[in-house]
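A.B. asks: Give me a 3D structure for the following:
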Amino acid sequence: MTVWAKLFLNSLKKVQFPNLDFLYATPWIYCANDEFGTVVRCPPNSCGLILGEFYSYLNFFQRNFVPNDRNAFLDLTFTNRNDLVVSEAVDCVFDKSVYHKPYHFELTFNNGKEKTLNFVQFFYDFRNANYLGVNSYLCGVDWDHVLNVINIDDAVSEFYHILNMAIALFVPLKRFKTSSFPSWFSGELKYLIQQKKISHKKYQSSHTVADYEVFSDLRARCKTLKETCYQNFISNLDQLLYTNPKSFWYKFNNRRATNRLPDLMTYNDGEFAGCEQIAEGFARFFSTVYNGDNIVLPSRQAGVNMTIPNPKLSIGLIFDKIFRLPLKLSAGPDGIPNYFLRKCVCALSYPLSILFSRSLDLTVFPSEWKLSFITPIFKCGAANEMINYRSVCVQSAIPKLLDSLIYDQINFYCKELLLKKMNSMASVVASLLLQTCCCIRVLC
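C.D. replies: Predicted structure coming up:
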């Protein structure tokens, strides 16, 4: 036993206090609950007061009202939840004791609509990454040896493994947290508001004229700066409407729209609740829209004497295509955004040329590049019915790059076929328009 514990026990004396709800067998300490938390009664100048003040400061309540076989309370349960119920356990892990009983805890969680917590997650900040280190790391890899495997899926997995290692080493990991301030608040205004709250709290505790003057000055500065920030925000929006209407309406639609799905959704007389069940329901619905088993490929005889050579994807073509990618930070299932590809275009052009060439030579599209995010977009009608949603596919940047390169290669050879099809369609449309005009003249 420590010296502090000995002094603590020696300072306690048995004193009776009337009108107490519960008496605990902790040596000469009497505990009760009020509306603010735990109340501890013990002799004056006792170390037991520290225990009571600590739990009362945290607004903790003692919820174990089941005594032991000697009608004493040795096992205490402190919590800030008023709905915690402590009872004697029926199935015991250990043998019962005279001084200690097994306990069963029940805590009710409300699944109804409550105030949601701030969404917090970690993300890679590709904008502030050390791309000098990333390019140096990727240029030091022997890609011919790493990607020299028989299975194309294994080669793609090794490629992503090296990319993820470079990202983990040279890209900072930051935490995204939803701000409680409006988007048009400046950094200076946020700082002043925090200082105003601190000064107000200080004034409430001191009630001095000096503290009130500091608080009053900060409040006036916050009010003035808030009006200035709002006027600048409105002015920037007006200017954005003329200079970049697309960006303006994008922000406007984001403010109006909401991506939140109902908590309970229906499909084919079935109900789905919770994230996993709703995702499974959308998977069933979207799977009925597309069925890849009944696809019939068109005949190779197109009716046109035309020979399409195999696409040749050189390092220069891949470099130019990556360099023209938009600087977007959004990523697909592989987690690689366009911003990262453009910043590492010199180091990634060669390994991508190896993977693209092997995929075309083997006529195999890697399984990892077939993955995509499916997002349900609400169309119209009842929001809780899944049939009123359409799916949007979000692919990774690298397979989209391959699709774009192949399109550029075969588009030139398919123009003749497309033009002939379009001419035949145009003749049909022209005849229909001529017949419509004749009918209109007759009716008139």
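
A.B. asks: CA only for contacts and neighbour counts going forward, please
C.D. replies: Will do.

A.B. asks: Packing partners of whichever strand or helix holds Pro376?
C.D. replies: For Pro376, the host element (DSSP states H and E) is strand 372-378. Here strand 372-378 touches strand 389-395, going by 3 or more C-alpha pairs under 8 Å, 6 or more residues apart in numbering; DSSP states H and E.

A.B. asks: domain parsing for this structure?
C.D. replies: The record assigns the chain these domain ranges, following automatic domain parsing: 3-106, 125-256, 264-294+302-419.

A.B. asks: Make TSV out of those and add mean neighbour count and mean pLDDT.
C.D. replies: Output for these, formatted as TSV (neighbours: other C-alpha atoms under 10 Å; pLDDT from 0 to 100):
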stretch	mean neighbour count	mean pLDDT
domain 3-106	15	66
domain 125-256	14	87
domain 264-294+302-419	15	84
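
A.B. asks: Check whether Glu88 really touches Lys96, as I assumed.
C.D. replies: No - the criterion here is C-alpha atoms under 8 Å, and Glu88 misses it with Lys96 at 10.9 Å.

A.B. asks: residue ranges of the helices in the protein, please?
C.D. replies: Along the chain, the stretches classed as helices by DSSP state H are 3-10, 48-57, 131-139, 143-146, 152-170, 187-206, 209-243, 245-256, 275-289, 315-323, 338-343, 345-362, 397-443.

A.B. asks: Which one of those lies nearest to Thr108?
C.D. replies: Proximity to Thr108 (C-alpha to C-alpha) singles out helix 275-289 among the helices of the chain, at 20.5 Å.

A.B. asks: Now find how far off-centre the closest one is within its chain.
C.D. replies: The chain centroid and the centroid of helix 275-289 are separated by 20 Å, computed with C-alpha atoms, centre = their mean, to the nearest Å.

A.B. asks: So which other helices or strands are in contact with it?
C.D. replies: Applying 3+ C-alpha pairs under 8 Å, 6+ apart, we find helix 275-289 packed against strand 264-267.

A.B. asks: So which residues make contact with the strand it packs on?
C.D. replies: Contacts with strand 264-267, where a contact means C-alpha atoms under 8 Å, 6 or more residues apart in numbering, come from 271-274, 278, 281, 285, 384-387.

A.B. asks: at 10 Å instead, please
C.D. replies: Around strand 264-267, the neighbours that count as contacts under C-alpha atoms under 10 Å, 6 or more residues apart in numbering are 271-275, 277-278, 281-282, 284-285, 382-388.

A.B. asks: Dump it to CSV, restricted to CA.
C.D. replies: Extracted in CSV, the C-alpha atoms of strand 264-267 (Å, rounded to 0.1, in the frame of the first residue of the first chain):
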residue,chain,number,x,y,z
LEU,A,264,-35.6,3.4,-44.7
MET,A,265,-36.0,2.5,-48.3
THR,A,266,-38.2,0.1,-50.3
TYR,A,267,-37.7,-2.1,-53.4
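
A.B. asks: From Asp153, how far out is Glu368?
C.D. replies: 7 Å (C-alpha to C-alpha, to the nearest Å).

A.B. asks: re earlier: kindly reformat the helices of the chain as CSV containing distance to Thr108.
C.D. replies: Converted to CSV, the helices of the chain look like this (distance: least, C-alpha to C-alpha, whole Å):
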stretch, distance to Thr108
helix 3-10, 37
helix 48-57, 22
helix 131-139, 50
helix 143-146, 54
helix 152-170, 40
helix 187-206, 35
helix 209-243, 42
helix 245-256, 35
helix 275-289, 21
helix 315-323, 54
helix 338-343, 46
helix 345-362, 53
helix 397-443, 45
